[in-house]
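Trainee: Any chance you could fold what I've pasted below:
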Amino acid sequence: MKAAILRAPANIRENPLTVAEVPQPQAGPGQVLLRVRACGVCRTDLHIVEGELAPLRSPLIPGHQIVGDIVDGGGPHLPVGARVGVSWVGGVDGTCPYCRRNLENLCDSPTFTGYTVDGGYAEYALAREDFVFPLPASLDDLHAAPLLCAGIIGFRSLRVAGVEPGDNVGLFGFGSSASLAIAVLLAWKCNVHVSTRGESHRRLAVSLGARWVGDEHEKPPVELDRAVTFAPSGEVVIAALSSLRKGGVVAINAIHLDRIPQFDYDRLLWGERQIRSVANMTRADARDFLGLAATIGLRPQVTSFPLDQANQALAAIESDSVDGSAVIVP
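Mentor: As a prediction, this is how the structure comes out:
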């Protein structure tokens, strides 16, 4: 099969992914083999390719927002031919203290698709049978792919932030995940305020229904009940904190973050304001979000790339030159 392979991390401008022919994987016990229809491109993929997340496997096929058909393995509930999705968390041990507490997103020994095991920048991919999700027929391949990480983790971020219907919510950064979270917030009748540096991203936020849009130097016109940061920048966390009411929450939706600058506790955090991190997702998050996405007719803005242009797709994510989501089609 054809796949995009990472042999050693490097700056994306050096084209570290090589597209080549490799042996097609074979399904083992408890696994399904998928013919990949589409694979979303996530900023986490960029962190892996550039080495900001420590290399754990070499060579590696990245990609963890996989839409595919089961061609081998499966069973009565997931027969051959079923169309399913795969996300970032590809498995948990089920026995650690966190799994036993129903906190599988914090598992001590997780499997990460496209990081600890090969992912979906390929024509075929393996997945654990109990970590794939049937996809609603209303979600086509291209538009379902970004939902499988950017959508799910954005949805979990809203849960971690404690968003309630009617809240004033700030989204700091407006890439793929935020552009999907806004649809959920509007369905919940929230007032959405977006802070983002890119002019095209600001236009997109306006078109998707944001009540207020500004750049990183501006402050929303109201105090926020909740805020979610999507940019991997500590400065953005401070900007979000400075916009919160007392008792408000900032949820940091980033698997990698640069240094948070020193800040004034009395002015920014006192008053029972909270900072919370968002770590991975659970299967319940995935099921709940995919059901909601189908109900509200969520259809992300997508730019597609052929597999041969995997490096270019990641470069577009790095430069914020793609509005909405990027998706690789083998």
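
Trainee: after the helix or strand harbouring L292, next one along is what?
Mentor: Assigned by DSSP states H and E, L292 belongs to helix 283-296. The helix or strand immediately downstream of helix 283-296 is strand 302-306, counting by DSSP H and E.

Trainee: Packing partners of that next one?
Mentor: Secondary-structure packing of strand 302-306 (3 or more Cβ pairs under 8 Å, 6 or more residues apart in numbering; DSSP states H and E): helix 141-144, helix 310-318, strand 325-329. The way it works is simple: take the backbone N, C-alpha and C, and place the C-beta from them, glycine included.

Trainee: nearest to C39, of the ones you listed?
Mentor: For C39, the closest of the helices and strands packed on strand 302-306 is strand 325-329, at 4.8 Å, according to Cβ to Cβ.

Trainee: For that closest one, give me every contacting residue.
Mentor: 4, 37-41, 63, 65, 120-121, 142, 145-146, 150, 176, 179-180, 300-307, 309-310, 313, 316-317 (Cβ atoms under 8 Å, 6 or more residues apart in numbering).

Trainee: again, 6 Å this time
Mentor: Strand 325-329 is contacted from outside by 38-41, 121, 142, 145-146, 176, 300, 302-305, 307, 310, 313, 316-317, using Cβ atoms under 6 Å, 6 or more residues apart in numbering.

Trainee: and the angle from it to strand 302-306?
Mentor: 30 degrees (axes from the mean of the first three to the mean of the last three Cα atoms, to 10 degrees).

Trainee: Tell me what angle strand 325-329 forms with helix 310-318.
Mentor: Put simply, strand 325-329 runs at 170 degrees to helix 310-318, going by the same axes, to 10 degrees.

Trainee: Strand 325-329: partners in the sheet, and parallel or antiparallel?
Mentor: strand 31-41 (antiparallel), strand 302-306 (parallel) (DSSP bridges).

Trainee: just those: most buried one?
Mentor: Most buried of the strands paired with strand 325-329, by mean neighbour count (mean count of other Cβ atoms under 10 Å): strand 31-41, with a mean of 26.

Trainee: helices and strands around the helix or strand just after it, which ones?
Mentor: Heading C-terminal from strand 31-41, the first helix or strand you meet, by DSSP H and E, is helix 43-49. Contact here means 3 or more Cβ pairs under 6 Å, 6 or more residues apart in numbering; DSSP states H and E; on that basis helix 43-49 packs against helix 310-318.

Trainee: Counting by contacts, list what the helix it packs on packs against.
Mentor: helix 43-49, strand 325-329.

Trainee: Give me the next element, helix or strand, following the longest one.
Mentor: Counting by DSSP H and E, the element after helix 43-49 in chain order, helix or strand, is strand 65-73.

Trainee: got the buried residues for that following strand?
Mentor: By 16 or more other Cβ atoms under 10 Å, the buried positions in strand 65-73 come out as Q65, I66, V67, G68, D69, I70, G73.

Trainee: what are the bridge partners for the fifth one, then?
Mentor: On the basis of DSSP bridges, D69 is bridged to R35, R83.

Trainee: Surely it and R35 touch.
Mentor: Yes - if you go by Cβ atoms under 6 Å, D69 and R35 touch, sitting 4.9 Å apart.

Trainee: Take the helices and strands packed on helix 310-318 and write them to JSON lines, including mean neighbour count, distance to A293 and mean pLDDT.
Mentor: Formatted as JSON lines, the helices and strands packed on helix 310-318 follow (neighbours: other Cβ atoms under 10 Å; distance: least, Cβ to Cβ, whole Å; pLDDT from 0 to 100):
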{"stretch": "helix 43-49", "mean neighbour count": "25", "distance to A293": "20", "mean pLDDT": "94"}
{"stretch": "strand 325-329", "mean neighbour count": "25", "distance to A293": "13", "mean pLDDT": "95"}
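
Trainee: so which of the ones you listed comes closest to S243?
Mentor: For the helices and strands packed on helix 310-318, proximity to S243 was assessed by Cβ to Cβ; helix 43-49 is nearest, at 22.7 Å.

Trainee: The chain: helices as residue ranges?
Mentor: Along the chain, the stretches classed as helices by DSSP state H are 43-49, 97-100, 141-144, 150-161, 176-187, 199-207, 234-241, 265-268, 283-296, 310-318.

Trainee: quick one: which of those has the weakest pLDDT on average?
Mentor: Taking each of the helices of the chain in turn, the one with the lowest mean pLDDT is helix 265-268, at a mean of 85.

Trainee: picking that back up, any chance of the helices and strands packed on helix 310-318 in a markdown table, plus distance to A125?
Mentor: Formatted as a markdown table, the helices and strands packed on helix 310-318 follow (distance: least, Cβ to Cβ, whole Å):
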| stretch | distance to A125 |
| --- | --- |
| helix 43-49 | 14 |
| strand 325-329 | 12 |
